[in-house]
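[1] Based on what follows, work out the 3D shape:
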Amino acid sequence: MRTIPATLSRYLRAPDLPQLEARRVRGGHRLSHAAHSHDTLSLGAIVQGHSQFRHRHRSLEVTQGDVVMIEPGAMHACNALSDADWGYDMVYLDSAWLAVQLDVTTDDLPPLIRQISRDPVLHRSIMVLTDTLASADADRLERDAALALLVAELAKQMARAEPLRNAPPDALARAWQRLNDDWQHDLSLADLCQEAGCRTTSLIAGFRRHYATTPHAALIDLRVREARDRLRQGQPIAQVASDCGFADQAHLQRTFKKLLATTPGHYAEGSLPRHA
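    Have a look, this model is predicted:
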């Protein structure tokens, strides 16, 4: 009988590279991610197995050697398609910092993203950077060099830019911005409808069509994104839960697990391995 390995999940950070975070997962077929987003450019190198990659309204199968590329704010999820070993290395790059490196604006980043790449050099550069972050022997110069290599490969993506998606109507964009600005408040659908000048059914349909989510799911996602930022800063989990609009620590724990397939405690601990 084949022995199924335990799931290994490690978050990797370096104090001298605040613009960068990584996650290494092996045996990830036991993990389940709901649709969520990041405020970073997210790159994932698939190193084991195959999985379903859902990006906004598209659903694609990815396998070992593929790189998934997710622009800031895009709703997405990636889950194994079988109980075979599934593993990946994810790298999260601060979008403002990356835009400076690429000499573009943050608004220019989405059309640079191809969603799926089979470029072996890009795939390798993600793994090298993650290896470097995971190594206790790596020094700052080695980490800087690995990050610079990845950025250089990303710059090549500019030559294969996709056309911009259809932008949402201005009225809907105002409601989306209100949600992003006031996520900490007890917003109602009426508040967002007033911002967009439309009825409830039109607002929800517009969110689904242009943002691949609902107003409530988007609100929860924004609160989890804020919770991640505060946990990285070392704030206590209970305080983060309260400040980010969750009923209590258990509520944050359940939501975190549902969206990110990890716990707030594991995320806050960074590079410590945990087995599922």
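
[2] C-alpha from now on. contacts and neighbour counts both.
    Will do.

[3] got a list of what the residue sitting nearest the centre point of the chain touches?
    Residue closest to the mean C-alpha point of the chain, counted by Cα atoms, centre = their mean, is His38 at 3.8 Å. Each residue near His38 by Cα atoms under 8 Å, 6 or more residues apart in numbering is listed here: Pro72, Gly73, Ala74, Arg225.

[4] Apply 10 Å and report the result again.
    Shown in contact with His38 (Cα atoms under 10 Å, 6 or more residues apart in numbering): 70-76, 92-94, 221-222, 224-226, 228.

[5] For it, which three-state class applies?
    coil (DSSP: H, G, I helix; E, B strand; the rest coil).

[6] Using CSV, list the CA coordinates for stretch 245-254.
    Extracted in CSV, the C-alpha atoms of stretch 245-254 (Å, rounded to 0.1, in the frame of the first residue of the first chain):
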residue,chain,number,x,y,z
GLY,A,245,-14.4,42.7,11.5
PHE,A,246,-14.7,39.1,12.6
ALA,A,247,-16.9,38.0,15.4
ASP,A,248,-14.1,36.4,17.4
GLN,A,249,-10.8,34.5,16.9
ALA,A,250,-12.6,31.3,16.0
HIS,A,251,-14.5,33.1,13.2
LEU,A,252,-11.2,34.4,11.8
GLN,A,253,-9.8,30.9,12.1
ARG,A,254,-12.6,29.3,10.1
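
[7] Quick one: mean pLDDT for it?
    Confidence for stretch 245-254, expressed as mean pLDDT, is 96.

[8] What residues of it count as buried?
    Neighbour-count burial for stretch 245-254, counted by 16 or more other Cα atoms under 10 Å, picks out Gly245, Phe246, Asp248, Gln249, Leu252, Gln253.

[9] now swap in stretch 217-233 and tell me
    Buried, per 16+ other Cα under 10 Å, within stretch 217-233: 218-228, 230-232.

[10] can you list those in a markdown table and add pLDDT and distance to Ala34?
    Shown next, in a markdown table, are those (pLDDT from 0 to 100; distance: Cα to Cα, whole Å):
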| residue | pLDDT | distance to Ala34 |
| --- | --- | --- |
| Ala218 | 97 | 12 |
| Leu219 | 97 | 14 |
| Ile220 | 97 | 12 |
| Asp221 | 97 | 10 |
| Leu222 | 97 | 14 |
| Arg223 | 97 | 15 |
| Val224 | 97 | 12 |
| Arg225 | 97 | 14 |
| Glu226 | 97 | 17 |
| Ala227 | 97 | 17 |
| Arg228 | 96 | 16 |
| Arg230 | 96 | 21 |
| Leu231 | 96 | 20 |
| Arg232 | 93 | 21 |
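
[11] Arg178: which of those residues is nearest?
    Leu219 (10.5 Å; Cα to Cα).

[12] name the helices or strands packed onto whatever helix or strand the closest one lives in?
    Using DSSP states H and E, Leu219 sits in helix 215-232. Using 3 or more Cα pairs under 10 Å, 6 or more residues apart in numbering; DSSP states H and E as the contact test, the elements touching helix 215-232 are helix 170-181, helix 189-196, helix 200-211, helix 237-243, helix 249-260, helix 264-269.
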